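Q: below: sequence and its predicted model.
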Amino acid sequence: METGSPQDTGPAGTQGAAQTQGAAGTQGGAGAVGDGPVWIALPPGLLKMRRLLLVVWLGLISLAAGLVPGLLAGPAWAAFALPPLALMIWGWVMLERNWRSWRYAERADDLLISRGVLWREETVVPYGRMQLVEVTSGPVERHFGLASVQLHTAAAWTDATIPGLDPAEAERLRDRLTELGEARSAGL
């Protein structure tokens, strides 16, 4: 799993791994005063899964769009397969951009989730506001060895999801967030 911002090229990646390991055992997930959050990128298995789904679905649509008219109306009508193929190429690139935009960071009092290519969206979920932390994994995700962590708060619009994590990391994150949530909400 990569650490640091996907755009970072400096030593933050190596420093982030040490801080992330240290954050798992302490209450304060952030580094020294003045340091920014240590961003953790999603594993490449999520990109691989999404690309496979793209190729399967658009490949079937392209085959149907080209084969059926080509057989019924003539070979020139097989050109209907080209738009789904073009969409597949565009989607291939966009999926990687989207995957690179996802990241999360554990801080002392909250969890940050950042995502988005054109419209950047950063969600801040305070530990004390978490009501439920779920780990889910559908059949395709399980095949690729992935799981998602979903955070539920009292306000529905602040529910957040971190997709495509390694199941062990998802369970570690769930346990840590639950522990921090119980500790922070005890003071309310």
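A: Yep, it's here.
Q: what kind of secondary structure is the residue positioned nearest the centre of the chain in?
A: Nearest to the geometric centre of the chain sits residue 163, at 3.8 Å (CA atoms, centre = their mean). Per DSSP: H, G, I helix; E, B strand; the rest coil, the local secondary structure of residue 163 is strand.
Q: going forward, count from 39.
A: Yep, numbering from 39; the last one is residue 201 now.
Q: could you report the separation of it from residue 219?
A: 20 Å (CB to CB, to the nearest Å). Placement of C-beta: from N, CA and C, glycine included.
Q: equivalent analysis for residue 153, please.
A: Distance of residue 153 to residue 219, computed by CB to CB: 22 Å.
Q: doesn't residue 99 fall inside a helix?
A: Yes - counting by three-state DSSP, residue 99 is part of a helix.
Q: domain assignment for the protein?
A: Using automatic domain parsing, the domain ranges for the chain come out as 50-58+74-80+140-223, 85-134.
Q: weakest of these in terms of mean pLDDT?
A: For the domains of the chain, the weakest mean pLDDT is recorded on domain 50-58+74-80+140-223, namely a mean of 85.
Q: distance between that one and the chain's centre?
A: With CA atoms, centre = their mean, to the nearest Å as the basis, domain 50-58+74-80+140-223 stands 9 Å off its chain's centre.
Q: also stretch 84-93?
A: 13 Å.
Q: quick one: secondary structure of the closest residue to residue 222 other than its chain neighbours?
A: Nearest non-adjacent residue to residue 222, counting by CB to CB, 6 or more residues apart in numbering: residue 166, 3.3 Å away. Three-state call for residue 166 (three-state DSSP): helix.
Q: residue 76 now?
A: Look at residue 76: counting by three-state DSSP, its state is coil.
Q: isn't it up against residue 146?
A: No - using CB atoms under 8 Å, residue 76 is not in contact with residue 146; the gap is 11.7 Å.
Q: what about these two, which has more around it?
A: Shown here are residue 76 and residue 146; by other CB atoms under 10 Å, residue 76 has more neighbours (27 against 13).
Q: can you report phi and psi for the more buried one?
A: Per-residue torsions, residue 76: phi -90, psi 110 (degrees, to the nearest 10).
Q: how close does it sit to residue 114?
A: Using CB to CB, we find residue 76 at a distance of 57 Å from residue 114.
Q: next: residue 181.
A: 39 Å.
Q: residue contacts, the nearest residue to residue 97 once chain neighbours are set aside?
A: Leaving aside its chain neighbours, residue 97 sits nearest to residue 126 (7.1 Å; criterion: CB to CB, 6+ apart). With contact taken as CB atoms under 8 Å, 6 or more residues apart in numbering, residue 126 is in contact with 92, 93, 96, 97, 100.
Q: and the contacts of stretch 202-219?
A: 39, 62, 65, 80-81, 83-84, 87, 137, 140, 144, 149, 165-169, 171-173, 175, 179, 183-187, 189, 200.
Q: thank you, goodbye.
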